[in-house]
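Trainee: prediction below, plus the sequence it came from.
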Amino acid sequence: IAAMREDFSQAGLPVVSIDAKHRELVGEFKNAGTTWVREPDHDFLSDATGVALPYGVYDIGANEACVSVGTTH
């Protein structure tokens with residue numbers, strides 16, 4: 001892969017890196033963050049209004065990137 005990346009760069013062709021992150025729940029989740037409790041407080045899927053799916057593309061040669069966020073609902 002590294003050799004192909006170098007060949008494409010030298011030919012002036014775009015070389016991109018694509019990355020997708022894990023799903024993030026979207027919704028009204030309360031998290032004061034200051035009180036210690038014995039039982040952890042969780043963000044449950046049943047309380048979410050949707051799921052955000054971030055992904056991005058990075059053009060190595062141009063040093064430019066674009067990040068988009070898709071949703072499930």
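Mentor: Alright, I've got the coordinates.

Trainee: next up, the contacts around G61.
Mentor: 9, 14-15 (C-beta atoms under 8 Å, 6 or more residues apart in numbering). The C-beta positions use only the backbone N, C-alpha and C, and glycine is treated the same way.

Trainee: can you pick the most crowded of those residues?
Mentor: V15 (16 neighbours; other C-beta atoms under 10 Å).

Trainee: out of the contacts of G61, who's nearest V69?
Mentor: Nearest to V69, judged by C-beta to C-beta, of the contacts of G61 is P14 at 22.8 Å.

Trainee: F8 in helix, strand or coil?
Mentor: helix (DSSP: H, G, I helix; E, B strand; the rest coil).

Trainee: how many residues are close by it?
Mentor: A count of nearby residues for F8, using other C-beta under 10 Å, gives 15.

Trainee: likewise T71?
Mentor: Applying other C-beta under 10 Å, I find that T71 has 10 neighbouring residues.

Trainee: could you tell me the end-to-end distance of stretch 54-71?
Mentor: 9 Å (C-alpha to C-alpha, to the nearest Å).

Trainee: so which bits of that stretch are buried?
Mentor: With burial defined by 16 or more other C-beta atoms under 10 Å, not one residue of stretch 54-71 is counted as buried.

Trainee: again, but for stretch 4-20
Mentor: For stretch 4-20, a neighbour-count test (16+ other C-beta under 10 Å) marks 15-16 as buried.

Trainee: partners of the helix or strand of the chain with the lowest mean pLDDT, with directions?
Mentor: Across the helices and strands of the chain, mean confidence by mean pLDDT, DSSP states H and E is lowest for strand 24-26: a mean of 74. Paired strands of strand 24-26, with direction, are strand 50-59 (antiparallel) (DSSP bridges).

Trainee: show me the contact partners of the partner strand.
Mentor: By C-beta under 8 Å, 6+ apart, the surrounding residues in contact with strand 50-59 are 14-21, 23-27, 64-73.

Trainee: now that strand, how far from the centre of its chain.
Mentor: On the basis of C-alpha atoms, centre = their mean, to the nearest Å, strand 50-59 sits 4 Å off its chain's mean C-alpha point.
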